[in-house]
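Q: 3D, please:
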Amino acid sequence: MKIGIYFILGIFTLLSILILPFYIGGILYGSREFYEKFSFIDFLLGKEWSLPEQRYGALPAVYGTLIIAAIALLIAMPISIGGAIALVEFLPKRISERIGILVDLIAVIPSVVVGLWGLLTLGPFLKSTLYTFLAEKLSFLPFFQSSFLTSYNKLTAALVLAYMISPFALAVIKENLKLVPWNIKEAAYSLGLNHWEVIRIMLGYIKPGILAAFMIALGRAVAEAVAVSMVIGNTCSFSISLLDPACTLSTLIINNFAEATGIEASALIGLGFILFLLALVLVIITRFIYTKALGGYIK
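A: Numbering: from 1, shown residues only. Sure thing, here's the model as predicted:
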């Protein structure tokens, strides 16, 4: 009986492992026509993207992907950590459970619905309020300079993305906080520490959980396509201003693949390979920072 269970579990594990090489092989096979004519380095470092003119440069999309994901994480992670602390440590259990259900519901809202909200409501509202203020009062900063103010830009995309990834990170951090042993908190209180000092100890105890939340949010931020494509403006550039449109690897693929044929489609599949490599590099960097700089114990 045990041998049969181990065999079945082994098969499941093997299938899970084999998904990755099949995925990589499929992408490389689909983009082979493009890579036969263009070098990967030129493709990765190219600064201009235009399918009609056969100019294939992925660097603006890589830049947009990293900038928007970074801004979204900077917004989402403090909100997620603060929200998890409030739900676990401050709010009554009955209220906390109901708010937790609402957070879970937000997490399952389809991305196209969130994108429509950003397109029809959030973007125009921000343009007439926040963006106008930033462009008029803080235009001396490069981040808020814009020759043409629009509702759909890097900041709108980052805010929509932060709204989408916050529930995932919050849920992970909240469950980790609930699992902190009571004897750790009891020992901290016995030493005369106040509530906020105990919370700091709890956050230190769940570093692996916070890292997991960070990685989940990062993966969603880098890969999201539908909602971001609706609010980012879809103009590939290297502008440092958050009020200017941009593009990401995902948005380039989703906006062009339906009409692409031949080498154009192959180039877009090549963008998918770059997106995979980018996600892999970010995961490796995250694990390195945790294990080396923060003293984590992930092996």
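Q: Which residue ranges of the stretch 51-200 of the chain form strands?
A: Remark: strands assigned in the stretch 51-200 of the chain by DSSP state E, counting those that start in this stretch are 55-56.
Q: Tell me where it is predicted with low confidence.
A: For the stretch 51-200 of the chain, not a single residue meets the criterion pLDDT under 70.
Q: Now for Ala84: which residues touch it?
A: Neighbouring residues of Ala84 by CB atoms under 8 Å, 6 or more residues apart in numbering: 170, 173-174, 177. In short, each C-beta sits where N, CA and C put it, glycine included.
Q: Could you identify the pair within the residues you listed that is furthest apart?
A: The most widely separated members of the contacts of Ala84, counting by CB to CB, are Leu170 and Leu177 (10.5 Å).
Q: These two - which one has more neighbours?
A: Leu170 (27 against 21; other CB atoms under 10 Å).
Q: Compute the distance between that one and Gly100, please.
A: Distance, Leu170 to Gly100, by CB to CB, to the nearest Å: 9 Å.
Q: hey, what's in contact with both of those two?
A: In contact with both Leu170 and Gly100: Leu87, using CB under 8 Å, 6+ apart.
Q: hey, where'd the helices end up in the stretch 1-150 of the chain?
A: Assigned by DSSP state H, counting those that start in this stretch, the stretch 1-150 of the chain shows helices spanning 2-30, 32-37, 40-45, 59-85, 93-107, 111-117, 123-126, 132-137.
Q: of those helices, which approaches Asn153 most closely?
A: helix 123-126 (8.4 Å).
Q: buried stuff in the closest one?
A: Neighbour-count burial for helix 123-126, counted by 16 or more other CB atoms under 10 Å, picks out 123, 126.
Q: Which other helices and strands does it contact?
A: Contact analysis of helix 123-126 by 3 or more CB pairs under 8 Å, 6 or more residues apart in numbering; DSSP states H and E lists helix 154-178 as its packing neighbours.
Q: which ones are touching Thr286?
A: 211, 214-215, 218.
Q: residues in contact with the spatially most central residue of the chain?
A: Closest to where the C-alpha atoms of the chain average out (CA atoms, centre = their mean) is Ala221, at 1.5 Å. Shown in contact with Ala221 (CB under 8 Å, 6+ apart): 68-69, 72-73, 76, 161, 165.
Q: did I read that right, Ser229 in a helix?
A: Yes. Judged by DSSP: H, G, I helix; E, B strand; the rest coil, Ser229 forms part of a helix.
Q: what about Leu134, how many neighbours?
A: So Leu134, with other CB under 10 Å, has 21 neighbours.
Q: I'd assumed Leu243 was in contact with it.
A: Yes. Judged on CB atoms under 8 Å, Leu134 makes contact with Leu243 at a distance of 6.7 Å.
Q: Now for these two: what residues contact both?
A: Joint contacts of Leu134 and Leu243 (CB under 8 Å, 6+ apart) are Phe144.
Q: re the thing from before, of the contacts of Ala84, which is the nearest to Gly83?
A: Nearest member of these to Gly83, counting by CB to CB, is Leu170, at 4.8 Å.
Q: which residues sit in contact with the nearest residue to that closest one once chain neighbours are set aside?
A: Once flanking residues are discounted, Leu170 sits nearest to Ser80: 4.2 Å by CB to CB, 6 or more residues apart in numbering. Listed by CB under 8 Å, 6+ apart, the contact set of Ser80 reads 166, 169-170, 173, 213, 217.
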